[in-house]
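Enquirer: Generate coordinates for the sequence data below:
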Amino acid sequence: MQSLTLAQAQKLALLSQALPSGITKGTAYDKALATFEQLGYIQIDTISVVQRAHHHTLWSRNPSYRPALLDKLVADKKVFEYWSHAAAYLPMSNYRFSLPRKAAIKSGTQRHWYCQDKALMASVLQRIDDEGPLMAKDFESANHKTDGWHSKPTKRALENLYMQGDLMISERRGFHKVYDLTSRVLPSDVDRSMPCEQELGQFLVMNYLKAHGFGTVSEIIYQLKDVKAHVQQAIAELLAIGRIENVTIGGEQYIASCQALQQLEKRLNRKQVKILSPFDNLLIQRKRTNAIFKFNYLIECYVPEAKRQYGYFSLPIIWGGKLVARADCKVDKKASILNVLHLCLESSLTERSAFLTALEEELHAFSQFNGCEKFAIQRISDNPN
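Expert: Presented below is the predicted three-dimensional model:
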């Protein structure tokens, strides 16, 4: 069994995530699509103190990326919205592997958020069939009573139809979803066949390892339901045919893709700074981030202000192959300034002066990405932890 040092594990995790150098071949559009294919999904989030998470994650791997490219990828039917561990954009090439969850929700063996009002769902579906794509605001609910999510009954019906696969999101207008029949959204050449349990299990394992290099069963099935047995069986099969192998990192056992392990021979750019979204694929599983990078991260926008240590929306920062800082950022659109309200440096950071010089270059690019002319660092501190 191969043993990886922590430094090797960090390198493999970063290279598998196309960080820090990113996707380098092709047009900005090609690189955006390649990022989806490499990562497997990109989480959607609504917080907009800086550019939203899905755009930020794409930009982190592709500095030529601009938000209009995502709209074009959706319009070209290269990516689609559905659920990964959370709401996400996924590559259309993986569409068929969304079908088991949809079927489970439709049959009632899995539940998403809302109870199903079958009559209302049928009425909503018929209206979209008759009229074409519609948004939630195009429906008036006879019963305006909302649930704990503050959603009207017709909105709940739309989301149920979407989660069970009858509807898809054809586009967004002002970040509002536009729903249409799945049959009208899917490209004609997409594979719509239901994967068997063996196919699903092997896909989940290899898709995760492609994006992360190595992982555990619990990491692979993170926030997924009813797939553990399929994944465990797939791991046994993939080990037997030599597509994956067991490795140890810090005394803990993982599985790794044999193809991903070859990346250890590549060079990692340790001079480049990358500012990440809190919802970036690299660190969305906080327990893994702490185990591999020794970076204890908590997004504090959900923490009462008096209890925040780093700031409302602190962004993790990569340099030297490690996570070495976090910056609480907020765009001031009127002044066209990206404000770094608090830059906190980790105790593991070495060559502080070189890092700050590299950070300035990245902050300049990040400011432009956020539509700002300049940036301002208002406070720097050292992390006592």
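
Enquirer: what about residue 197, neighbour count?
Expert: 13 (other C-beta atoms under 10 Å). C-beta: built from backbone N, CA, C; applies to glycine.

Enquirer: Run a quick neighbour tally on the nearest residue in space to it that is not next to it in sequence.
Expert: Closest residue to residue 197 apart from its sequence neighbours, by C-beta to C-beta, 6 or more residues apart in numbering: residue 230 at 5.0 Å. A count of neighbours around residue 230, defined by other C-beta under 10 Å, yields 23.

Enquirer: which ones are touching residue 230?
Expert: 197, 198, 200, 201, 204 (C-beta atoms under 8 Å, 6 or more residues apart in numbering).

Enquirer: Tell me how many other residues crowd the fourth one.
Expert: Going back to what we said before, that points to residue 201. Look at residue 201: counted by other C-beta under 10 Å, it has 24 neighbours.

Enquirer: what do you get for the one 5 residues further on?
Expert: Burial of residue 206, expressed as a neighbour count using other C-beta under 10 Å, amounts to 19.

Enquirer: which stretch of helix or strand covers it?
Expert: Using DSSP states H and E, residue 206 falls within helix 197-212.

Enquirer: got a list of contacts for that helix?
Expert: Against helix 197-212 from outside (C-beta under 8 Å, 6+ apart): 13, 16-17, 38-40, 94, 97, 100, 195, 215, 219-221, 224, 227, 230-235, 237-238, 243-244, 255-257, 259-260, 281.

Enquirer: tell me the mean pLDDT for the lengthiest strand in the chain?
Expert: The longest strand of the chain (DSSP state E) is strand 322-332. Mean pLDDT, computed over strand 322-332, is 97.

Enquirer: Each with direction, which strands does it pair with?
Expert: strand 314-319 (antiparallel), strand 337-345 (antiparallel) (DSSP bridges).

Enquirer: List the buried residues for the helix holding residue 206?
Expert: Buried residues in helix 197-212, defined by neighbour count with 16 or more other C-beta atoms under 10 Å: 199-212.

Enquirer: Make JSON lines out of those and add distance to residue 331 and pLDDT.
Expert: Putting these into JSON lines (distance: C-beta to C-beta, whole Å; pLDDT from 0 to 100) gives the following:
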{"residue": "199", "distance to residue 331": "44", "pLDDT": "98"}
{"residue": "200", "distance to residue 331": "41", "pLDDT": "98"}
{"residue": "201", "distance to residue 331": "43", "pLDDT": "98"}
{"residue": "202", "distance to residue 331": "43", "pLDDT": "98"}
{"residue": "203", "distance to residue 331": "38", "pLDDT": "98"}
{"residue": "204", "distance to residue 331": "37", "pLDDT": "98"}
{"residue": "205", "distance to residue 331": "39", "pLDDT": "98"}
{"residue": "206", "distance to residue 331": "38", "pLDDT": "98"}
{"residue": "207", "distance to residue 331": "34", "pLDDT": "98"}
{"residue": "208", "distance to residue 331": "33", "pLDDT": "98"}
{"residue": "209", "distance to residue 331": "36", "pLDDT": "98"}
{"residue": "210", "distance to residue 331": "33", "pLDDT": "97"}
{"residue": "211", "distance to residue 331": "29", "pLDDT": "97"}
{"residue": "212", "distance to residue 331": "30", "pLDDT": "98"}
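
Enquirer: Tell me which stretches of the stretch 101-250 of the chain form strands.
Expert: 167-173, 176-181, 214-215, 244-249 (DSSP state E, counting those that start in this stretch).

Enquirer: Check which helices and strands the first one is in contact with.
Expert: It refers to strand 167-173. Secondary-structure packing of strand 167-173 (3 or more C-beta pairs under 8 Å, 6 or more residues apart in numbering; DSSP states H and E): helix 68-75, strand 79-83, helix 153-163, strand 176-181, helix 182-185.

Enquirer: Give the other helices and strands that the last one contacts.
Expert: Using 3+ C-beta pairs under 8 Å, 6+ apart as the contact definition, the elements that helix 182-185 packs against are strand 167-173.

Enquirer: Against residue 210, how distant is the spatially closest residue to residue 44 that is not a sequence neighbour?
Expert: Nearest non-adjacent residue to residue 44, counting by C-beta to C-beta, 6+ apart: residue 87, 4.6 Å away. Residue 87 sits at a distance of 21 Å from residue 210 (criterion: C-beta to C-beta, to the nearest Å).

Enquirer: what does residue 258 give?
Expert: For residue 258, the distance to residue 210 (C-beta to C-beta) stands at 12 Å.
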